[in-house]
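Visitor: The amino acid sequence is not available; the structure is as follows:
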């Protein structure tokens with residue numbers, strides 16, 4: 001555009017700039033845009049007008065056009081911090097975070113004391129999933145501007161994302177001492193405390209937040225989540241109900257109430273709640289994932305396994321495929337080398353390795369990437385050609401997570417591959433362990449009473465606490481003199497044998513166990529396994545040994561709402577809690593069945 005004639009340009013440009021700046025300050029972005037465009041007609045080389053136009057367009061959400069205005073400013077002044085910041089901001093807003101990091105990195109090099117450039121660079125790095133670098137730049141932002149509210153908040157989030165949860169808690173506590181009325185800081189402190197495993201302390205923070213700001217809907221939901229962690233379902237539901245009374249379509253409240261319905265096995269109600277979330281946010285991963293769990297628990301396997309794929313790549317649900325571009329989308333093809341990738345726990349691997357035989361029947365060669373503790377065992381599984389520890393160690397044409405195979409094969413309740421046993425024990429391993437088992441003629445029964453606690457994952461930690469019980473609860477079983485009991489317990493919980501002085505009643509060969517082949521050799525020498533829901537259940541089931549599962553009320557989906565028989569393992573019998581936390585009823589029932597079991601073997 002050409003400038004107007006005579007001496008008016010300067011005065012008109014100044015007037016338009018003043019009007020534009022006033023409109024921008026007041027948030028009247030459309031008026032600011034119009035004024036800046038007129039100013040640029042008078043002074044097309046004005047860096048300030050280009051920058052102002054970019055800001056006005058940003059305020060309207062027109063990021064592509066804003067980027068063009070900032071680019072114009074950068075051409076006029078390549079060292080302009082504001083232009084580089086604007087370009088970085090719009091690139092991030094358009095999802096081009098790598099580009100934003102490059103632009104903002106240049107800005108902080110040229111202007112090392114530019115607070116906003118450091119902050120925006122930290123934001124872009126956090127969006128890219130690089131929390132350690134993000135934390136460094138949030139820290140630099142705060143050194144330059146100690147009171148920067150957003151950096152204070154997001155620095156803690158970056159620390160949590162980097163796994164430095166205790167450091168984040170310390171940071172939030174210090175920040176709250178300086179800003180005790182900051183509800184966002186208190187909210188994030190509660191999240192960090194819960195992540196650290198301190199749900200009671202987290203609930204106290206959310207309660208304090210609600211005392212500061214009664215009816216704050218996000219805090220009500222967070223309070224509900226921590227009440228659920230602590231086993232107070234009634235308080236959790238009341239908090240969700242209050243949140244939904246204030247905000248009927250608030251997705252986190254709908255989702256949390258859905259999870260509470262799952263806890264009490266009201267899966268149809270849970271599905272309706274998750275569907276309300278998905279109607280507003282179709283790509284909500286937690287809602288899709290939890291809907292999958294309810295569908296699977298109800299036996300609707302085809303629908304459930306299709307949605308179960310949602311969890312792939314989500315850090316708290318399922319791992320990232322080693323090479324998404326080579327991911328198997330249906331059944332394997334003949335002649336291809338297929339990587340079966342173990343992305344979840346030991347029990348999951350043991351349950352779903354049965355699909356290797358189906359892959360082999362399609363003509364594929366299979367290699368399984370899994371932890372070394374499973375290698376010797378899986379090499380004896382039909383359909384497994386080779387094993388390795390990491391996917392990078394394998395040469396393959398396509399890859400698939402083991403738990404994706406039911407979806408690939410379209411599994412339903414009627415066609416679960418259940419040719420048992422599909423795992424076996426080498427004669428060498430069986431012989432090596434036979435001498436360590438009781439041999440006085442009494443039936444030999446293996447016991448497992450606790451799973452492994454995953455302290456860094458709140459949901460897994462909650463499930464682990466619900467599925468485990470102390471050994472003292474099994475004393476009614478151990479009182480039977482006509483049974484020879486054998487511990488199959490690993491980890492810290494095994495120490496309860498010595499603490500209770502039960503060495504004489506419970507043989508414990510587990511110190512010498514190196515891997516699952518050793519455990520399988522012990523199980524192969526037993527008449528029965530009684531276990532809480534751990535990998536040992538799957539191991540015994542896959543070996544074709546009788547196994548009784550002590551299952552929590554909110555049973556894992558694979559036990560089909562604690563149905564006594566199970567299509568995955570014909571030799572499994574499920575003893576489910578009749579009410580949440582009621583282990584006494586389970587143990588009493590098992591004790592009665594164990595008496596009949598002993599009589600039948602006299």
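Guide: Sure thing, it's come through. Note that the coordinates shown come from a computational prediction; the quantities given were computed from them, not determined experimentally. Numbering: from 1, shown residues only.
Visitor: State the three-state secondary structure for residue 420.
Guide: coil (DSSP: H, G, I helix; E, B strand; the rest coil).
Visitor: From what I see, it and residue 546 are in contact.
Guide: No - look at residue 420 against residue 546 with Cβ atoms under 8 Å: they stay out of range, at 11.4 Å. From N, CA and C alone the C-beta is placed, and that goes for glycine too.
Visitor: Show me what the helix or strand where residue 290 lies is packed against.
Guide: With secondary structure defined by DSSP states H and E, residue 290 is part of helix 285-297. Judged by 3 or more Cβ pairs under 8 Å, 6 or more residues apart in numbering; DSSP states H and E, helix 285-297 is in contact with helix 251-263, helix 267-280, helix 301-308.
Visitor: looking at those helices, which is buried most?
Guide: Ranked by average neighbour count under the criterion mean count of other Cβ atoms under 10 Å, the helices and strands packed on helix 285-297 are headed by helix 251-263 at a mean of 23.
Visitor: quick one on the thing from earlier: identify the contacts common to residue 420 and residue 546.
Guide: By Cβ atoms under 8 Å, 6 or more residues apart in numbering, residue 420 and residue 546 have these common neighbours: residue 571.
Visitor: if we can go back for a sec, and the helix holding residue 290, what's buried?
Guide: Applying a neighbour-count criterion of 16 or more other Cβ atoms under 10 Å, one finds 286-297 buried in helix 285-297.
Visitor: Report the distance from that helix to the chain centre.
Guide: 13 Å (Cα atoms, centre = their mean, to the nearest Å).
Visitor: What mean pLDDT does it get?
Guide: With pLDDT averaged residue by residue, helix 285-297 scores 97.
Visitor: Can you name the residues in contact with it?
Guide: Outside helix 285-297, the residues that touch it by Cβ under 8 Å, 6+ apart are 251, 255, 258-259, 262, 265, 267, 270-271, 274-275, 277-278, 281, 301, 303-308, 310-311, 314, 317, 555, 557-558, 560-561.
Visitor: related to what we said a few turns ago, got the buried residues of helix 285-297 as TSV, with distance to residue 367 columns?
Guide: Formatted as TSV, the buried residues of helix 285-297 follow (distance: Cβ to Cβ, whole Å):
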residue	distance to residue 367
286	32
287	35
288	30
289	28
290	32
291	33
292	27
293	29
294	34
295	31
296	27
297	32
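Visitor: low pLDDT regions in the chain?
Guide: Screening the chain residue by residue with the criterion pLDDT under 70, one finds the ranges 1-15, 453-460.
Visitor: center of it - which residue?
Guide: residue 316 (1.3 Å; Cα atoms, centre = their mean).
Visitor: element containing that one, please.
Guide: When secondary structure is defined by DSSP H and E, residue 316 falls outside every helix and strand.
Visitor: neighbours of residue 592, just the number please.
Guide: Residues near residue 592, counting by other Cβ atoms under 10 Å, number 11.
Visitor: How far does stretch 141-149 sit from its chain's centre?
Guide: The gap between where stretch 141-149 is centred and where its chain is centred comes out at 32 Å by Cα atoms, centre = their mean.
Visitor: Identify each buried residue in that stretch, please.
Guide: Buried positions in stretch 141-149, judged by neighbour count with 16+ other Cβ under 10 Å: 141-142, 144-145, 148.
Visitor: Closest to residue 487 out of these?
Guide: Taking Cβ to Cβ as the measure, residue 142 is the one of these closest to residue 487, at 52.1 Å.
Visitor: which non-adjacent residue is nearest that closest one?
Guide: residue 151 (5.2 Å; Cβ to Cβ, 6 or more residues apart in numbering).
Visitor: which residues are in contact with the helix or strand hosting the one you found?
Guide: Assigned by DSSP H and E, residue 151 falls within helix 149-161. Here helix 149-161 makes contact (Cβ under 8 Å, 6+ apart) with 119, 122-123, 126, 129, 131-132, 134-135, 138-139, 141-142, 145, 165, 167-168, 171-172, 175, 179, 182, 184-185, 188-189, 191-192, 195.
Visitor: cool, stretch 194-210 as well?
Guide: The set of residues external to stretch 194-210 that reach it, using Cβ under 8 Å, 6+ apart, is 160, 165-166, 169, 183, 186-187, 189-191, 193, 216, 219-220, 222-223, 225-227, 229-230, 455-456, 458, 461.
Visitor: how far away is the spatially closest residue to residue 420 that is not a sequence neighbour from residue 441?
Guide: Closest residue in space to residue 420, ignoring its immediate chain neighbours: residue 544 at 4.7 Å, by Cβ to Cβ, 6+ apart. For residue 544, the distance to residue 441 equals 23 Å [Cβ to Cβ, to the nearest Å].
Visitor: who's more crowded, these two?
Guide: residue 544 (17 against 9).
Visitor: Correct me if wrong: that one contacts residue 421.
Guide: Yes - applying Cβ under 8 Å, one finds residue 544 in contact with residue 421, separated by 3.6 Å.
Visitor: where do the helices sit along the stretch 451-600 of the chain?
Guide: Assigned helices in the stretch 451-600 of the chain, in chain order: 458-467, 475-478, 496-499, 516-524, 535-542, 583-600 (criterion: DSSP state H, counting those that start in this stretch).
Visitor: Pipe these into JSON lines and attach distance to residue 429 per row.
Guide: As requested, those are arranged in JSON lines below (distance: least, Cβ to Cβ, whole Å):
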{"stretch": "helix 458-467", "distance to residue 429": "28"}
{"stretch": "helix 475-478", "distance to residue 429": "27"}
{"stretch": "helix 496-499", "distance to residue 429": "24"}
{"stretch": "helix 516-524", "distance to residue 429": "4"}
{"stretch": "helix 535-542", "distance to residue 429": "13"}
{"stretch": "helix 583-600", "distance to residue 429": "26"}
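Visitor: ok so, going back, output the buried residues of stretch 141-149 in TSV, with secondary structure and distance to residue 529 appended to each entry.
Guide: Formatted as TSV, the entries for those read as follows, by DSSP: H, G, I helix; E, B strand; the rest coil; distance: Cβ to Cβ, whole Å:
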residue	secondary structure	distance to residue 529
141	helix	56
142	helix	55
144	helix	61
145	coil	61
148	coil	58
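Visitor: check contacts around residue 537.
Guide: With Cβ under 8 Å, 6+ apart, residue 537 has these contacts: 347, 448, 529, 531, 547, 549, 569, 572.
Visitor: To what extent is the fifth one buried, counted in neighbours?
Guide: Using other Cβ under 10 Å, residue 547 has 27 neighbouring residues.
Visitor: Quick check: it touching residue 528?
Guide: Yes - shown here, residue 547 and residue 528 form a contact pair, counting by Cβ under 8 Å, at 7.3 Å.
Visitor: roughly how far is stretch 474-491 from the heart of the chain?
Guide: Here the centre of mass of C-alpha atoms in stretch 474-491, compared against the chain's by Cα atoms, centre = their mean, lies 35 Å away.
Visitor: Stretch 199-218 now?
Guide: Distance, stretch centre to chain centre, for stretch 199-218: 24 Å (Cα atoms, centre = their mean).
Visitor: before we move on, the earlier item: can you flag the buried ones in the contacts of residue 537?
Guide: Here the buried ones among the contacts of residue 537, as counted with 16+ other Cβ under 10 Å, turn out to be 347, 448, 529, 531, 547, 549, 569, 572.
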